[in-house]
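Student: show me the folded form of this:
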Amino acid sequence: MENPLFLFPHLNISSSKEKTYCKVMKSTNKEEENKDIKTRSKEKRNRLSLLLQKAEFHENVNPDKSENLREASSVSPEDVANWGESFDKLLSQKAGLDAFTRFLKTEFSEENIEFWTACEDYKKNKASQQLLPTAKTIYETFIRKDAPKEVNLDFHTKEITAQNIAHPTLNSFDAAQAKVYRLMEQDSYPRFLRSDMYLDLMKGRQPRHPALRRRSRSFTFNEFQDVHSDFTIWL
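Tutor: Presented below is the predicted three-dimensional model:
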């Protein structure tokens, strides 16, 4: 007599359980895969959102506003030539500092010069009771992790600075400021001297409208190509 399970396969409970188990496993794996896709997509959207927010900021604070261009065009070519002698000479003149700041805005990296300027202003404090609140503001704005204008500092320098502002002095930010100064001097300053903005000023011409460049905390479009097309991931 033949096996009844062979004649009536629907009675094969073991086989049914295996099929059910496989379906559950496939469903679970698919859910995990979709969840992973959604997580990666959200991370990339967050990064895109930060870039777009910064782009909006640059649209609102346009480095090429007419008053800025008039001020820049009033600088003599001789003064502009002095900026090329050293980074210190560039920053020591207000017109040079302003021009360099406008250049950094085109590269989305103005947080560096803003931090350096904030440190310079901090060292001019004459009231000791203002040191702590000012130090905390600078730290929260430029140094802590994920600060709105976080500058590129190593962990050791950040730790030293955090310890310094617990009992702040006029020199609490010296180490961090020196790091950012060297970064600008070695990286941004040479590009500024090669930029159309600087070359126009050297020739006594009004600076042209510079093209915005993604240099600070930027990413490529290719990083977004694997974003899931299901619009539910945006919820």
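
Student: in stretch 141-161, what counts as buried?
Tutor: Buried residues in stretch 141-161, defined by neighbour count with 16 or more other CB atoms under 10 Å: 141-143, 150-151, 153, 157-158, 160-161. In short, each C-beta sits where N, CA and C put it, glycine included.

Student: list the residues that contact Thr117.
Tutor: Thr117 makes contacts with Leu97, as judged by CB atoms under 8 Å, 6 or more residues apart in numbering.

Student: with only the CA atoms kept, save stretch 168-178 in CSV.
Tutor: Once side chains and other backbone atoms are set aside, the C-alpha atoms of stretch 168-178 remain, and they are given as CSV (Å, rounded to 0.1, in the frame of the first residue of the first chain):
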residue,chain,number,x,y,z
PRO,A,168,38.4,80.4,30.4
THR,A,169,41.3,82.8,29.8
LEU,A,170,42.0,85.0,26.8
ASN,A,171,44.2,82.2,25.4
SER,A,172,41.6,79.4,25.7
PHE,A,173,41.2,79.0,21.9
ASP,A,174,44.8,79.5,20.9
ALA,A,175,45.5,75.9,19.9
ALA,A,176,42.2,75.5,17.9
GLN,A,177,42.7,78.9,16.2
ALA,A,178,46.2,78.0,15.2
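
Student: what are the boundaries of the helices in the protein?
Tutor: Taking DSSP state H as the criterion, the chain contains helices spanning 4-7, 13-60, 66-73, 77-83, 87-92, 94-106, 111-122, 131-138, 155-164, 174-183, 189-194, 196-202.

Student: could I get the buried residues of stretch 141-161 as JSON lines with distance to Glu120 and pLDDT?
Tutor: Shown next, in JSON lines, are these (distance: CB to CB, whole Å; pLDDT from 0 to 100):
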{"residue": "Thr141", "distance to Glu120": "15", "pLDDT": "98"}
{"residue": "Phe142", "distance to Glu120": "13", "pLDDT": "98"}
{"residue": "Ile143", "distance to Glu120": "16", "pLDDT": "97"}
{"residue": "Glu150", "distance to Glu120": "19", "pLDDT": "97"}
{"residue": "Val151", "distance to Glu120": "14", "pLDDT": "98"}
{"residue": "Leu153", "distance to Glu120": "17", "pLDDT": "97"}
{"residue": "Thr157", "distance to Glu120": "18", "pLDDT": "97"}
{"residue": "Lys158", "distance to Glu120": "20", "pLDDT": "97"}
{"residue": "Ile160", "distance to Glu120": "19", "pLDDT": "96"}
{"residue": "Thr161", "distance to Glu120": "16", "pLDDT": "97"}
